[in-house]
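Undergrad: Just the structure for this:
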Amino acid sequence: MDLLRSLPLGLYLEEPVTWLHRLDPRVKLAWLTSFLAAPILASPLWRTAMVGLLIVLTLSAMIPLRVWRRQMGWLLLLSGFILALTVVTPDGLAIQTQPRLPTLALESTFAATDTATDTATDVDADDQPEAAAEPPPALAQPTPYRYILFKQEPITISQRSLELGIRVSTLIFTLIYGTNLFLLTTASEEITAALEELLQPLRWFKWPVTEIALTVTLALRFIPLVLEEVQNLVRSVRTRAINWRKLGFRRAAQIWVMVAERLLENLLLRAEQTAAAMQVRGFTSPDEHRVVWRPLRLRRWDWLACGVLVLFWGMRIAWGGDI
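TA: You can find the predicted model right below:
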């Protein structure tokens, strides 16, 4: 089990350098924010189109298949399972209501109402001549709309359950895979520089912008270390060939508690080593030790991506709203 290869969460792909790598990190951050904000109050068709757009971006960037195959496959499988589970789940109209009055009171009320209705009907029948009871004519459906799309006991699929399933499944895929694609094609130093550049107006309110950017960088650097520690502990448990059936639930739980404690100790040790390395290099504050990794300049492809982003939001406002 290789977590760093099967689920490359938070890892940066250095080779090959694709056109997504060459874009300015501020432009990519704006696109990521758009992917996170566009599904709000959007139609199911627009949400599905965003999933297709993420897949097209991955294929057009020529990212190696080994990098995104398993993660995209697992996300598509998870989204499909959530979609199927939500579609067959009864919607809000299938909830049974609780009567306000007790059962005996309801029965007596209904009996009194039926008696009064029968008496009034008999009186009217004596005064009026007999008339043949004709059933009301059946009215044709004016539109092809149907609320119940499929009904075969015990499965019922309605318009609301289908829309809810599409919303939840596409939202999960967009949030997870969109963020991972951004981290996969953007180095942590570029993310730090972009955040520090975009958060410059907050300095007027005495916000520690540089410290926030440094914290984000360290957090992004720490994600692969966490995956590596989890991978090493899982391998150490597997090499011991433990027979979990003979241990029982209690002893197995004790082993996993020990593994969790060991994981926490290793992560704290890694954090302490990182802090010691920064102190050895004379790091005192982010303002005094600023390292410019790459000058941020908007080029021709960046302006083109900004124009496509404006077109994206124009289409979202015009046709992507939830009707």
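Undergrad: Count the neighbours of the closest residue to I148 other than its chain neighbours for me.
TA: If you skip the residues right next to it in sequence, I148 has S158 as its closest partner in space, 5.5 Å away by Cβ to Cβ, 6 or more residues apart in numbering. In short, each C-beta sits where N, CA and C put it, glycine included. Here the number of neighbours of S158 (other Cβ atoms under 10 Å) works out to 20.
Undergrad: now do the one 4 residues further on
TA: Residues lying near L162 (other Cβ under 10 Å) number 17.
Undergrad: Looks like it contacts V87 (just checking).
TA: Yes: the pair L162 / V87 is scored as a contact, 5.6 Å apart, by Cβ atoms under 8 Å.
Undergrad: doesn't A260 fall inside a helix?
TA: Yes: assessed with DSSP: H, G, I helix; E, B strand; the rest coil, A260 lies in a helix.
Undergrad: so how far is Q231 from it?
TA: Between A260 and Q231 the computed distance is 15 Å (Cβ to Cβ, to the nearest Å).
Undergrad: what are the phi and psi angles of W19?
TA: Torsion angles at W19 (phi, psi; degrees, to the nearest 10) stand at phi -70, psi -20.
Undergrad: in the stretch 201-323 of the chain, which segments are predicted with low confidence?
TA: Filtered on pLDDT under 70, the stretch 201-323 of the chain yields the residue ranges 284-294, 323.
Undergrad: ok, now the stretch 1-150 of the chain?
TA: If you take pLDDT under 70 as the line, the stretch 1-150 of the chain has these spans: 1-10, 91-136, 138-139, 141.
Undergrad: can you pull out the helices in it?
TA: Under the criterion DSSP state H, counting those that start in this stretch, helices of the stretch 1-150 of the chain are mapped to 3-6, 19-22, 25-37, 44-60, 65-87, 103-127.
Undergrad: more crowded one of A260 and Q231?
TA: Q231 (16 against 11).
Undergrad: what's the helix or strand for the more buried one?
TA: With the criterion set as DSSP states H and E, the secondary-structure element containing Q231 is helix 209-239.
Undergrad: Can you list the buried residues in that helix?
TA: The neighbour-count criterion (16 or more other Cβ atoms under 10 Å) identifies 209-210, 212-214, 217, 220, 224-227, 229-231, 233 as the buried residues of helix 209-239.
Undergrad: G73: which of these is nearest?
TA: If you rank the buried residues of helix 209-239 by distance to G73 using Cβ to Cβ, L227 comes first, at 18.4 Å.
Undergrad: residues in contact with L202?
TA: Counting by Cβ atoms under 8 Å, 6 or more residues apart in numbering, L202 touches V209.
Undergrad: Adjust the sequence numbering to begin at 48 for everything that follows.
TA: OK, 48 is where the count begins now, so the last one is L249.
Undergrad: Tell me the spacing between it and E275.
TA: In terms of Cβ to Cβ, L249 sits 34 Å off from E275.
Undergrad: now E210
TA: When Cβ to Cβ is applied, the distance between E210 and E275 equals 41 Å.
Undergrad: How about the residue minimising distance to the centre of the chain: what's its closest non-neighbour residue?
TA: Residue closest to the mean C-alpha point of the chain, counted by Cα atoms, centre = their mean, is I219 at 2.4 Å. Excluding the flanking residues, the one nearest I219 by Cβ to Cβ, 6+ apart is S126, at 5.7 Å.
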